[in-house]
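In: Sequence first, predicted model second:
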Amino acid sequence: MADGQSKPLNGADTAWLRMDSPTNLMIINAMLITENMRFEDFKHTIINRFLHFPRFLCKPVVKSGQYFWEKDPFFDIDSHVKRVALPANADKKALQSYLADQVSIPFDSSKPLWQLLFVENYGEGNAIIFRVHHSYADGLALVSVFQSITDASPNVAPFVHGGASRFQDEGEPQPADINYEWPRYQKAMDNALNRVERYTRLAKKMSNEGFHILKDQEALKELVGDGVKAAAEIAQLATLPADPKDLLKGPLGIRKTCAWSEPISFEKFYGTAKVVGCKINDLLLSCVAGALREELLATGAKLDGQKIHVTLPVNIRSADKVDMGLNPEDLGNCFGTVFVPLPIGIDNPLERVYKLKHDMIELKESLQPALSYAILYASGLMPKMIQKNVLESFGNKTSAVLSNVPGSKESRYICGAKIKEQMFWVPQTGDLGLGLSIISYAGQIQFGLVGDAKLFPNPERIVNRFVAQIDMHRTDIVASYIEDLVQPIMVS
């Protein structure tokens, strides 16, 4: 973005910008745990690599009702990159408490809406906390930004621009398939135009003519490629009943709590998923459902036959647009969502995994990601009150946000220091009080939680339940599978 030039926010980014509320800020919080490094080297890396992305020099401003990205004429790196220190001998609990305090602090709207906190004395190294407003980029784009400011080895000058980043090593599969691919609907969308252009056309049509366009099968056929299917799915979404208000929901406060697991070896998931014949993500979702089931049962909730929904983001960028290092001007939000039913009423892990496997296959054949992106984009082009009403009508159908992001397959380095862990926490929209995060990195997986302090005063307990579910799934699922194989032999 050239100096003095402003660029309008698109509908999706505008929608996220206007979604802030006192009880739910639309801020993505992320963290790196690293070996020890010098603050000056880290700061130089941010100046020379992170600011390679023009949007981070800009702030959103409104002119005649339209939002624009405008370069901050008074930009000062010291307002955004800060050195902080925890009390001596700070442990994970101290860092967790500090991070929970930061989650509820809004940004100064007179400056670009991001911040990096360099925590000096965490263990034998550093903790780096990154906070950025969701209007700047989605999680997948931010992982790619992370790739472009880090290195594959420690022997790289800390302030030299690394050039093109690689979100995923060429020729190497990701260690975990935690980020579902959606080939069926993508193929349908790619007939004539890039799918994002198609969704944007639909969104602009909706913003100009109103949401009633979603009932026009001919218009949907032209814009989406399958008008009958799109209209049917919109009707299905509209009639989806709201999630129970007495499970995971309630009045929200300002304060948040957060927690995260220790890194868990990918091998713990791989073998079990291979035995059952499911995706790693099916297994992860079952562990989440099992952990929430245990938490709710402990409160005396009756869960027989119950299910709740989580909102799961789905990337809709084309493959050539995923690398933000090659496309620094393309930061933004480019994802749809699906409502994933978590079968918390099912106690048996094997039965729960198969139910999720079946439901996810059905969702992968749906147009939900495309339609949800178009609705969000269109709502951002409409008056704020219309956006609020539209998103609330969908928000009450879910109980939590669950984001799963694939990180680097190999260890990464920043300023020569090895990154030992990385974690992030997703914001919750509307009246949702629970955000769940799963990320893979260097052959490991970590699980994180951010929640309303009144509703989830003990987030570590839920995280520990999730970790316990992994071993429970390994034991119960493999045992059940072997029993099914042996039983016919014994009968014969």
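Out: Looks like it came in fine.
In: those helices in this protein, which residues are they?
Out: Here the chain has its helices, by DSSP state H, at 11-17, 39-48, 92-103, 139-149, 183-189, 195-209, 217-224, 227-239, 267-276, 280-298, 349-364, 368-380, 384-395, 459-491.
In: Please identify which of those helices is closest to residue 421.
Out: helix 92-103 (10.5 Å; Cβ to Cβ). C-betas here are computed from N, CA, C, even on glycine.
In: now the closest one, how far from the centre of its chain.
Out: Chain-centre distance of helix 92-103: 20 Å, with Cα atoms, centre = their mean, to the nearest Å.
In: Go through it and flag the buried ones.
Out: 94, 95, 96, 98, 99, 100, 102, 103 (16 or more other Cβ atoms under 10 Å).
In: Could you single out the nearest of those to residue 117?
Out: residue 102 (7.1 Å).
In: Look up how far residue 315 lies from the closest one.
Out: 27 Å (Cβ to Cβ, to the nearest Å).
In: How about residue 236?
Out: For residue 236 relative to residue 315 (Cβ to Cβ), the value is 23 Å.
In: More neighbours: which of these two?
Out: residue 315 (21 against 12; other Cβ atoms under 10 Å).
In: got a list of what the more buried one touches?
Out: Applying Cβ atoms under 8 Å, 6 or more residues apart in numbering to residue 315 gives the contacts 138, 140, 179, 322, 334, 335.
In: got TSV for the residues you listed, with neighbour count too?
Out: What follows is the contacts of residue 315, written out as TSV (neighbours: other Cβ atoms under 10 Å):
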residue	neighbour count
138	22
140	23
179	20
322	18
334	25
335	20
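In: Can you pick out the most distant pair from those?
Out: 179 and 334 (14.0 Å).
In: What ranges in the stretch 351-492 of the chain fall below the confidence cut-off?
Out: 477-492 (pLDDT under 70).
In: Nearest residue to the residue nearest the centre of the chain in space, please, no chain neighbours.
Out: Closest residue to the average C-alpha location of the chain: residue 403 at 3.4 Å, with Cα atoms, centre = their mean. Nearest non-adjacent residue to residue 403, counting by Cβ to Cβ, 6 or more residues apart in numbering: residue 426, 4.5 Å away.
In: Could you count how many residues lie near the one you found?
Out: With other Cβ under 10 Å as criterion, residue 426 counts 26.
In: my guess is it contacts residue 450, does it?
Out: Yes. Assessed by Cβ atoms under 8 Å, residue 426 is found in contact with residue 450 at 7.2 Å.
In: Output the lowest mean pLDDT helix or strand found in this structure.
Out: Ranked by mean pLDDT, DSSP states H and E, the weakest helix or strand in the chain is helix 183-189, scoring a mean of 45.
In: show me what contacts the residue nearest to residue 82 when sequence neighbours are not counted?
Out: In space, and not counting its chain neighbours, residue 82 is closest to residue 117: 5.6 Å by Cβ to Cβ, 6+ apart. Counting by Cβ under 8 Å, 6+ apart, residue 117 makes contact with 82, 84, 102, 128, 129, 130, 131.
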